[in-house]
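Novice: sharing a model that was predicted from the sequence below.
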Amino acid sequence: MPTLEDYKGEIPSWCPGCGNFGILKTFKEAMVDLNIKPHQFTIVSGIGQASKFPHYLKCNTFNGLHGRTLPVATGIILANHEMLVIAVAGDGDCYGEGGNHLMHAIRRNINVKLFVHDNQIYALTKGQASPTSMEGMKTKNQPFGVLSGQLNPMALAVALDCTFVARGFAGDTEHLKGLIKEAINHRGFALVDVLQPCVTLNKINTYKWYKERVYHIEPEYNPEDRVEAFKRALEWGERIPIGIIYRNHRPTFEERIPIIKDKPLVGQSFDLSIIEATLKEFY
Amino acid sequence: MDYSIKIGGEAGQGIQTIGNTLGRVFSRRGYHLFTHQDYESRIRGGHNLFQLRFSDSPVMASRDRIDILVALDKESILLHEKELSEHGIVIYDSSALKQRYEKPYFLDVPFRDLAMEHGGNKIMVNTVATGAVLGMLKIEIDILVETIKDTLKKKGEEIIKGNINAAMAGHDFTTRQCQRCSFSTAPQSKPKMLIAGNDAIGLGAVASGCKFYSAYPMTPSTGIMLYAAGKAKDYGIIVEQAEDEIAAINMAIGASFAGVRSMTGSSGGGFALMVEGLSLAAMTETPIVIALAQRPGPATGLPTRTEQGDLLFAIYTAHGEFPRVIFAPGTPEKAFYLTNKAFDIAEKYQIPVLILTDQYLADSQWTFDGFDLKGIRYTDYRIRGDAFKDISGYKRHHCTDNGVSPLGIPGDSKHLIVTDSDEHNEEGHIIEDVETRKKMVDKRLFKKLPLIRQEIEPPILYGNSHPEIVITGWGSTYGVMKEAVDDISKNKDIAMLHFSEIYPFPSTERFDYLNLLNNAKLTICIENNATGQFAYLMKGETGYEFNATINKYDGRPFTLEYLSGELDAHIRRL
């Protein structure tokens, strides 16, 4: 059994009070609860404050480029579908720069778990609007306030028939831990959008703001009803639902590739001798 | 014996089918063959052509002079009648073209009527035309019958029988009716291998243990992906059509990180999108092979034509400073072996390696006696299983003497594989301090570079060993330059220098090509681009400046007559 100590990583460079600390602590606890050892999974992250995440624990890590977490994660899981592959990104990274990849990762239904640390702002570049910033929010770079509509990742994911769609809150770590575990145990692509207060740069969506609005989705709610899920996904403002919004059981991309049915690609050997037969095709 | 056949018509008329079938028959009959295609960026209509040149001695370029023109539309006659040799003949179907041509070198073959009558379906006009060409050449029908049986295996007996009858009808017709036909074609001893550039790269990847190919379709690179996809089942390869080229290269990097040999490919525009990923592969020291099949730019340019316009782009693109290797094969055979070398070097040094081709090489077919698999390198440089478990204190980016760190497989042991696009320390974690930064640049760049440089083969010299005239080129111009040397060497001391391993620029240690150039009276750099990018590179790398350059940038390849004509003009001034 791994212990929390096994997950001790580098010292975080996040601001004191950052919502990321709650997510980090909860994530480690979830991994201990699930009995997953550091070498048994890989985290792919992009660029942004959230993407420093894998350095602050212990795991196989590919900290790649801004927006490109999901293509790298796709390559990893296709090469080794026995590896648990987790993608960690921020809202700018995943919904802005990498929006196209998100759409196609959901379509493919690769067995990757995506955790988006959604602070509704660009933090690493110090306070510009992100795709999830609320309309009207003023920043140095949006002096007339945000003019574009706010991206709703939950509704987007439900519309694309994403197999696991959930929202958590960094200020409600017990609840978040449950979601992390459910997402990891889910077979297929999982999107968990985690509301993560940025204490330095986002003066609107604060701990207090979220706490006044978030509510646990009631236990009797059926996340497999897509129409109801879409209604729930549209809720934002006075009341913000957290929990599993939508789930379905489409087969994963990897299970539909016959050549990796028995063995992951990375475990398959290469035999040059079969090339002789292939060469004959050119005569 | 040296004959050229041109098949012209609209897209969708089956020009490729006729060309490919004839090509197969010629190579199986043991002839040396060279084919090239010229097509428009459309699915139907327009004017496309497929040209075949075959001989009893090696051929590796197209000629302007045509012996048989198969005209499936009027435009083919309008555009190419003037290219006919003195014994040249045009075959056409007056009922399909709704016009009769009375000149003596026109032969009206009722393709459609024969197809209906003997094959039972007008779709078989192409088979009739193929048979007709062979009849004109006095080549027996048997190899064509075999080829039909092979290629239509899945279509069923009835379709095979119809096609054989259609082929025979065309063959009989021209055997009886073509009084002007004076071609003589003795069969050769052994069947030859026939392969195009794109297939050779695909085959090279498969033969190198490539397990993952992700790309976004883009002419003229798509053929490589199609080849790999065709072999996915037999060889256990995952071929993923990515949502864009950015995803394509990042997926390939991810798969390589996870422990399998990976490749991507595109043309200039798609490669431009991959550039960020190229830099990522360099920083994370993830092996990757990239095929860049050039076409004329800028922007969308001429999507289906050819150009060598991306050499300097390939060398200098991507942010930051890092080692990369660039190969530019001149023949499908070289493309096969250099693709293999690309995989080997990429993994050995954990760097990106690019294979630079162009539409001309990608789509042209060549014959060979065969590829010798003894020339294939396969060393698994990754550390797997027990060997990985036994390492103590593993660090993914460990600073070794030669700069090459142990490349482990994530999940294979308790050792963690950590890497980052940020500057990182030996463990792979983000750093910003000056000492580590400098140490890592030294490791990635300066320690590896001298070793990589030693892997690069010098250019090959063909022709006179003490030449008065030296023509120099790189990549796909190999064949046409070689034939031009053969032509001109009857009267002059001429040689060709051909570079297929371009970057890092080959040293003069093993072959002092600069000495050769300095001792020549006339040196000419030949490139299928406007600005002479290789000549520029040569000057920058060695200080050497060519006396003259021949540049072609009309989107079409050099033909032998064109290049010989241009060279003559320079030589006459000597």
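Specialist: Now that the structure is in, tell me what you want to look at. As the structure is a prediction and not an experimental result, all values here were calculated from the model.
Novice: please count neighbours and contacts with C-alpha atoms only from this point.
Specialist: Fine.
Novice: what's the helix or strand for residue B:3?
Specialist: According to DSSP states H and E, residue B:3 maps onto strand B:2-11.
Novice: what angle separates whichever helix or strand comes after that strand from strand B:2-11?
Specialist: Once the chain leaves strand B:2-11, the next helix or strand it forms, by DSSP H and E, is helix B:15-28. Computed by axes from the mean of the first three to the mean of the last three C-alpha atoms, to 10 degrees, the angle separating helix B:15-28 from strand B:2-11 equals 160 degrees.
Novice: so what does helix B:15-28 touch, helix or strand wise?
Specialist: Packed against helix B:15-28 by the contact rule (3 or more C-alpha pairs under 8 Å, 6 or more residues apart in numbering or on different chains; DSSP states H and E) you find strand B:2-11, strand B:32-38, strand B:45-55, helix B:125-136, helix B:142-151, strand B:193-196.
Novice: could I get the average pLDDT for the very next helix or strand once past the third one?
Specialist: Spelled out, that is strand B:45-55. The first helix or strand that comes after strand B:45-55 along the chain, using DSSP H and E, is strand B:66-71. In this model, strand B:66-71 has a mean pLDDT of 98.
Novice: closest to residue B:535 out of the helices and strands packed on helix B:15-28?
Specialist: Residue B:535 sits nearest to strand B:32-38 of all the helices and strands packed on helix B:15-28, at 26.5 Å, using C-alpha to C-alpha.
Novice: ok, that closest one near chain A or not?
Specialist: No: shown here: strand B:32-38 not in contact with chain A (C-alpha under 8 Å from any C-alpha of the partner chain), separated by at least 12.5 Å.
Novice: re the thing from before, just say which of the helices and strands packed on helix B:15-28 is most tucked in.
Specialist: Most buried of the helices and strands packed on helix B:15-28, by mean neighbour count (mean count of other C-alpha atoms under 10 Å in any protein chain shown): helix B:125-136, with a mean of 28.
Novice: what's in contact with it?
Specialist: B:14-15, B:17-18, B:21-22, B:68, B:70, B:111-112, B:114-115, B:140-141, B:144, B:163-164, B:166-175, B:178, B:181, B:183 (C-alpha atoms under 8 Å, 6 or more residues apart in numbering or on different chains).
Novice: how many neighbouring residues does residue B:298 have?
Specialist: Residues within reach of residue B:298, counting by other C-alpha atoms under 10 Å in any protein chain shown, total 11.
Novice: any idea how far residue B:383 is from it?
Specialist: Summarising the geometry, the distance separating residue B:298 from residue B:383, computed by C-alpha to C-alpha, to the nearest Å, is 43 Å.
Novice: residue A:180 too?
Specialist: If you measure residue A:180 against residue B:383 using C-alpha to C-alpha, the figure is 32 Å.
Novice: the two: who's more crowded?
Specialist: A count of neighbours by other C-alpha under 10 Å puts residue A:180 above the other of residue A:180 and residue B:383, at 24 against 16.
Novice: got a pLDDT number for that one?
Specialist: The predicted local confidence for residue A:180 comes out at a pLDDT of 98.
Novice: doesn't it belong to a helix?
Specialist: Yes: with DSSP: H, G, I helix; E, B strand; the rest coil as the criterion, residue A:180 is located in a helix.
Novice: give the contact list for it.
Specialist: Residues in contact with residue A:180, defined by C-alpha under 8 Å, 6+ apart, are A:27, A:30, A:192.
Novice: the one helix or strand the second one maps to: what's the following helix or strand?
Specialist: Spelled out, that is residue A:30. The secondary structure element spanning residue A:30 is helix A:19-33 (assigned by DSSP H and E). Taking DSSP H and E as the definition, the helix or strand that follows helix A:19-33 towards the C-terminus is strand A:41-45.
Novice: packing partners of the helix or strand that comes right after that next one?
Specialist: For strand A:41-45, the succeeding helix or strand toward the C-terminus, using DSSP H and E, is strand A:60-63. With contacts defined as 3+ C-alpha pairs under 8 Å, 6+ apart, the packing partners of strand A:60-63 are strand A:41-45, strand B:418-420.
Novice: still on that earlier bit, what comes into contact with the strand holding residue B:3?
Specialist: In contact with strand B:2-11 (C-alpha under 8 Å, 6+ apart) are residues B:15, B:18-19, B:39-40, B:42-56, B:63, B:65-73, B:75-76.
Novice: paired strands for it, with orientation please.
Specialist: Note on strand B:2-11: by DSSP bridges, its sheet partners are strand B:45-55 (antiparallel), strand B:66-71 (parallel).
Novice: which among the contacts of residue A:180 gets closest to chain B?
Specialist: residue A:27 (18.1 Å; C-alpha to the nearest C-alpha).
Novice: which ones are touching the closest one?
Specialist: The contact partners of residue A:27, by C-alpha under 8 Å, 6+ apart, come to A:177, A:180.
Novice: just to revisit the earlier point, and the strands paired with strand B:2-11: which comes nearest residue B:407?
Specialist: Comparing these against residue B:407 with C-alpha to C-alpha, the closest turns out to be strand B:45-55 (46.4 Å).
Novice: as CSV, could you dump the C-alpha coordinates of the closest one?
Specialist: Once side chains and other backbone atoms are set aside, the C-alpha atoms of strand B:45-55 remain, and they are given as CSV (Å, rounded to 0.1, in the frame of the first residue of the first chain):
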residue,chain,number,x,y,z
GLY,B,45,-12.1,16.6,-64.7
GLY,B,46,-9.1,18.7,-65.5
HIS,B,47,-6.0,17.3,-67.2
ASN,B,48,-3.9,14.7,-65.6
LEU,B,49,-1.1,12.5,-66.9
PHE,B,50,0.8,9.4,-66.0
GLN,B,51,4.1,8.8,-67.8
LEU,B,52,6.1,5.6,-68.0
ARG,B,53,9.6,5.2,-69.4
PHE,B,54,11.0,1.7,-69.7
SER,B,55,14.2,0.3,-71.0
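Novice: run the chain-centre distance for it.
Specialist: Taking C-alpha atoms, centre = their mean, to the nearest Å, the mean C-alpha location of strand B:45-55 is offset from the chain mean by 17 Å.
Novice: also stretch B:281-295?
Specialist: Centroid separation for stretch B:281-295 versus its chain: 17 Å, with C-alpha atoms, centre = their mean.
Novice: picking that back up, the strand holding residue B:3 relative to helix B:125-136, how many degrees between them?
Specialist: Orientation check (the same axes, to 10 degrees): strand B:2-11 against helix B:125-136 gives 160 degrees.
Novice: which pLDDT value belongs to residue 194?
Specialist: If you meant another chain, say so; for now it's chain A. What the model reports for residue A:194 is a pLDDT of 98.
Novice: wait, chain B was what I had in mind.
Specialist: Predicted confidence (pLDDT) at residue B:194: the value is 97.
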